[in-house]
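Chemist: 3D model of this:
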Amino acid sequence: MRRRDDHPGMLRRLGALIVLSLVALVGLGTAAWAHVEIQPAEAFAGATETLTFAVAFEGSATTGLVVRLPDGASVTEVPAKAGWTSAVDEAEGTVSWTGGSTPADETFSVIVELPSTPGEILFPAIQ
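Modeler: Below is the predicted model:
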């Protein structure tokens, strides 16, 4: 009897489905401490994906957000967000939102082409 892992074709197909883990880290700057989460939590390597960064209100209004892109990722589009100005700095590898101020939970979305190499990638965020 053959075991399931004796099928090299199946192993190749599974290997092709390895996904990236998307992790938002919170940075400490002169701005307020923030709890930032990213959705979706997983995506396929090399995919174009809409990433949404959720900033939790923790006693101080969100007045801006800067997200550093991992090597190999690039911004395709930043959807307009009422009351906020977005900017992409390709040289620095960042996307940012400024100009708003909200004393509540806030979300920021960006469409990104993800790196083609599977594995965990980080999107450090500073509020």
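Chemist: Show me what counts as buried in stretch 103-118.
Modeler: With burial defined by 16 or more other Cβ atoms under 10 Å, the residues of stretch 103-118 counted as buried are 106, 108-110, 112, 114-115, 118. Yep, even glycine has a C-beta here, placed from its N, CA and C like the rest.
Chemist: measure it end to end?
Modeler: 37 Å (Cα to Cα, to the nearest Å).
Chemist: ok, now stretch 108-118?
Modeler: End-to-end distance for stretch 108-118: 25 Å, by Cα to Cα.
Chemist: Likewise for stretch 94-110?
Modeler: Length of stretch 94-110, first residue to last, Cα to Cα: 11 Å.
Chemist: Out of the buried residues of stretch 103-118, which one has the lowest pLDDT?
Modeler: When these are compared by pLDDT, Glu106 scores lowest at 90.
Chemist: how much space between that residue and Leu122?
Modeler: Glu106 sits 21 Å away from Leu122, taking Cβ to Cβ, to the nearest Å as the criterion.
Chemist: Likewise for Thr62?
Modeler: Applying Cβ to Cβ, the value for Thr62 to Leu122 is 21 Å.
Chemist: And for Val95, the neighbour number?
Modeler: Val95 has 24 neighbours, counted by other Cβ atoms under 10 Å.
Chemist: so it sits right up against Ser86, yeah?
Modeler: Yes: the criterion here is Cβ atoms under 8 Å, and Val95 meets it with Ser86 at 6.8 Å.
Chemist: Between these two, which contacts overlap?
Modeler: Listed as contacting both Val95 and Ser86 by Cβ atoms under 8 Å, 6 or more residues apart in numbering are 78, 110.
Chemist: Okay, and which of the buried residues of stretch 103-118 map to strands?
Modeler: Residues of the buried residues of stretch 103-118 located in strands (DSSP state E): 106, 108-110, 112.
Chemist: And Ser60, what's its pLDDT?
Modeler: Note for Ser60: predicted pLDDT of 80.
Chemist: next one: Gly100
Modeler: pLDDT for Gly100: 79.
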